[in-house]
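Trainee: only geometry, no sequence info:
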């Protein structure tokens, strides 16, 4: 029964997040795609630096030197993959003024956006493991964790949509790819349920690889594209939108971290009350 709840929470969470992000990308922001690239930069950098990497480095038992080495290897690995043309990126879209023949950009972007999908899939896989761990501890905590993941996945998925649409992918194809990536949350929940200890040990290392892909796609692909619009009239909204992306993820991450500390403090107080000892103070960092 608990496994069924985990699968329902992870699958439903992914569908809800992708649906909301798709609606925002296609209905609300479709006319402002080049501006949304700036927002996605803020979102992706913040997810990597304020959420994924802190989560990885704060994990018990994780070797910090190995994590840093893995992050370096990830960045270099993505660079090498692009250089040998196994992953080719083209973030131009049809009608962008680059005067290619019709369909050129969409053809060039056939494998574009692969890095962002790899990173998102790994991130979703880890989210699934975390949801499973929360459900195994307390079903109510599992539901709250799943709800928190939906909240932070909406801007993240919106960033994915912007990257793929900007790469020239058809809307239906972008939706299917991102939906497939979201289903990795269910795979993570399944794996977490059956092999939780082993999966938990691997979580920080997978998070670092996911963060490396987000950093690489932002710094190597999206920011250079922003620099192509070099006027002051373009620079001001770019800075504001990058800042907006940072603020959104910072707010969500702070909310999740506060909830984690609250649950940890409540659990510690309960355990110590059973043993007749005082609960230690919980310090935020």
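Mentor: Nice, I can see it. Just so it is clear, the structure is predicted and the values come from calculations on it, not from any experiment.

Trainee: only C-alpha atoms for contact and neighbour calcs from this point on.
Mentor: OK.

Trainee: beyond the helix or strand bottoming out on mean pLDDT in the chain, next helix or strand please.
Mentor: The helix or strand of the chain with the poorest confidence is helix 104-108; it has a mean of 47 (mean pLDDT, DSSP states H and E). Moving toward the C-terminus from helix 104-108, the next helix or strand (DSSP states H and E) is helix 114-137.

Trainee: what's the mean pLDDT across that following helix?
Mentor: Mean pLDDT, computed over helix 114-137, is 83.

Trainee: do the same with stretch 7-22
Mentor: 89.

Trainee: which residues sit against it?
Mentor: The contact list for stretch 7-22 (Cα atoms under 8 Å, 6 or more residues apart in numbering) reads 128, 131, 143, 146-147, 149-151, 153-155, 157-158, 161, 175, 178-179, 182-183, 185-186, 189-190.

Trainee: near residue 195, how many other residues are there?
Mentor: 11 (other Cα atoms under 10 Å).

Trainee: how far away is it from residue 124?
Mentor: Computed as Cα to Cα, to the nearest Å, the residue 195 to residue 124 distance reads 17 Å.

Trainee: likewise for residue 221?
Mentor: 22 Å.

Trainee: how about the helices in the stretch 151-285 of the chain?
Mentor: Assigned helices in the stretch 151-285 of the chain, in chain order: 171-182, 184-194, 196-216, 223-227, 232-275 (criterion: DSSP state H, counting those that start in this stretch).

Trainee: most packed of the ones you listed?
Mentor: The highest average neighbour count among the helices of the stretch 151-285 of the chain, using mean count of other Cα atoms under 10 Å, belongs to helix 184-194 at a mean of 24.

Trainee: same question for that helix, mean pLDDT?
Mentor: 90.

Trainee: what does it rub up against?
Mentor: 3, 6-7, 10-11, 14, 121-122, 124-133, 136, 199-200.

Trainee: drop anything exposed from the residues you listed.
Mentor: Buried by 16 or more other Cα atoms under 10 Å: 6-7, 10-11, 14, 121-122, 124-133, 136, 199-200, out of the contacts of helix 184-194.

Trainee: next up, the contacts around the closest residue to residue 242 other than its chain neighbours.
Mentor: Nearest residue to residue 242 in three dimensions, chain neighbours excluded: residue 42, at 4.2 Å (Cα to Cα, 6 or more residues apart in numbering). By Cα under 8 Å, 6+ apart, residue 42 lies in contact with 241, 242, 243, 244, 245, 246.

Trainee: how about the contacts made by the fifth one?
Mentor: Taking Cα under 8 Å, 6+ apart as the contact definition, residue 245 lies against 39, 40, 41, 42, 43, 46.

Trainee: separation between it and residue 43?
Mentor: 4 Å.

Trainee: point out where the stretch 151-285 of the chain drops to low pLDDT.
Mentor: Across the stretch 151-285 of the chain, residues meeting the criterion (pLDDT under 70) sit at 151-152, 197-199, 256-285.
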